[in-house]
Structure formats: C-alpha cells, structure tokens
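Participant: okay, predicted coordinates and the sequence, questions at the end:
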Amino acid sequence: MTVRSFSFVRGRVVAALVGTGLLLSGCQGGGTTPGNPATPSSTSASPSATPTPTPSAKYVPASAKGKAQNVPVPVKPALADQNSKAGLEAFTKYWFALLNYGYQTGDLKTWKSVRSPQCLFCSNLESGIVGDYSTGGWQVGGLIQTPSVQVTTPSTDAVQKVTVQVVQTPATSYKPGGAKGASNPSGNDAVVVLAVYKSGHWEVSDMHPLG
C-alpha cells in the first residue's frame, strides 16, 4: 500500500519561496487545518454534488485503530468561483482542502470534478488514494496546509499559474485488518498549479514542482 505525497520536491521550497517573496507568516489567510480542512463563511454551488457529513457527529482523526470518522466536508467560499486573482487563490486553497478530505476518506468526487483528466500528477494522487481505500485500507496523517498561495501570471493569460507552498504531516498507510504499510516523513514542498476559468468556475489543468 503506497502513501501519496508531495515529497518529490522536499527541501527546495523554503529557499524558493523566500527568494520570490512568497513565504507568508504562519497559516494566515488560507491554510487547511488537518482536523478541519476548510472553514469559510459563505458557499456557492459546486459543479457536482458534495458529500454531506453528519452535522452533530464528532470528528475522529484516523489512527492505527481505524479510519477517520465524521470528517468535515470542505465548504467552498463564494469567492472561489470568481474570475479574479483573489478568486483563484481562494479556489486553490479549497482544492487542497478537498484533497485533504480525500486523504481522510478516500472520497475525491468533488476534487476530481474541478480538475482536468489531463493532469497526470492529479491522476497519480487519485489512483493511489482511491485504490488504497477501495481495498479496505486507510491513511493516518499526510494532511496538507497551504500557508502560501500566490497567483504568478498576468490576469490576461488563459492559463493561470499559482505557486503553492505545500506543508504535509507525516503519513502512514494501514492495510485491511490494521497491518501497517508504507510511511512518509513530513514535507515542505513547492508546486505550481495551472488553472483555467470556464463555465463559471476554476479548474486545475495540471500541476508540477516549482523550478
């Protein structure tokens, strides 16, 4: 069972982001929190149906004993559908929050609905997560924060580039029955997300390491 992470560019992110002025303090303005992937105050319609959690149930993170329970569903802010720099940054944070939800539940339906099938790195993440959960396994940790999300292309460009700092906690996979699988250490990576705006919403078209 394989843990999917962004560790392929580990060690390069801090120097790269400091050098371009993109490193922000803490997680102000949009990091995703492991126990609560997204907490914006307003919502808008998604391109596809979003799973609904049990409102009164208490969130229980994954552990060696079993899968996460009652994971909060990320709420998309209305700004995330806006064709603007601020809108794209809000969408990118939401998109990573949906990925966090997938790490904890194996459910990537909404995340997949706002990314292109041509995004190969996205496909690799999806196949690993869905494949692991479909066989009865689960993942502990590996959750993401995005303390720096910056659009780095002119607003007139058809394809927008977003430079993202991806801070990921250590991850361990578990097989059906609780046997321990693969593990990955924590990571601090930089990726470039490519996005296009069409049909009233943003869509991730590709992703690659910074540099």
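Facilitator: Received the coordinates, thanks. Numbering: from 1, shown residues only.

Participant: so what secondary structure elements neighbour the longest strand seen in the chain?
Facilitator: Scanning the chain for the strand with the most residues, using DSSP state E, yields strand 187-198. For strand 187-198, the packing partners by 3 or more C-beta pairs under 8 Å, 6 or more residues apart in numbering; DSSP states H and E come out as helix 13-19, helix 85-105, strand 160-168, strand 201-209. For every residue, glycine as well, the C-beta is placed using N, CA and C.

Participant: could you rerun that using 10 Å?
Facilitator: Taking 3 or more C-beta pairs under 10 Å, 6 or more residues apart in numbering; DSSP states H and E as contact, the helices and strands that strand 187-198 lies on are helix 13-19, helix 85-105, helix 120-134, strand 144-151, strand 160-168, strand 201-209.

Participant: any idea of the angle the fourth one forms with strand 187-198?
Facilitator: By that I understand strand 144-151. Angle between the axes of strand 144-151 and strand 187-198 is 50 degrees (criterion: axes from the mean of the first three to the mean of the last three C-alpha atoms, to 10 degrees).

Participant: tilt between strand 144-151 and helix 85-105?
Facilitator: With the same axes, to 10 degrees applied, the angle from strand 144-151 to helix 85-105 works out at 160 degrees.

Participant: partners of strand 144-151, with directions?
Facilitator: In the sheet, strand 144-151 lines up against strand 160-168 (antiparallel) (DSSP bridges).

Participant: pull the CA atoms of the partner strand into PDB?
Facilitator: Provided in PDB are the C-alpha atoms of strand 160-168 (Å, rounded to 0.1, in the frame of the first residue of the first chain):
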ATOM      1  CA  GLN A 160      -3.100  30.900 -14.700                       C
ATOM      2  CA  LYS A 161      -0.100  29.800 -12.600                       C
ATOM      3  CA  VAL A 162      -0.400  29.500  -8.900                       C
ATOM      4  CA  THR A 163       2.700  28.900  -6.700                       C
ATOM      5  CA  VAL A 164       1.700  26.900  -3.600                       C
ATOM      6  CA  GLN A 165       3.700  26.000  -0.500                       C
ATOM      7  CA  VAL A 166       2.600  22.500   0.500                       C
ATOM      8  CA  VAL A 167       3.300  21.600   4.100                       C
ATOM      9  CA  GLN A 168       2.400  18.000   4.800                       C
END
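
Participant: that one: what's the following helix or strand?
Facilitator: Using DSSP states H and E, the helix or strand that follows strand 160-168 in sequence is strand 171-174.

Participant: what about the residue lying closest to residue 84 once chain neighbours are set aside, how many neighbours?
Facilitator: Spatial nearest neighbour of residue 84, chain neighbours left out: residue 155 (7.5 Å); criterion: C-beta to C-beta, 6 or more residues apart in numbering. Counted with other C-beta atoms under 10 Å, the neighbours of residue 155 add up to 10.

Participant: so what's residue 126 up against?
Facilitator: 4, 99, 102, 108, 111, 112, 115, 117, 119 (C-beta atoms under 10 Å, 6 or more residues apart in numbering).

Participant: okay then, goodbye and thanks.
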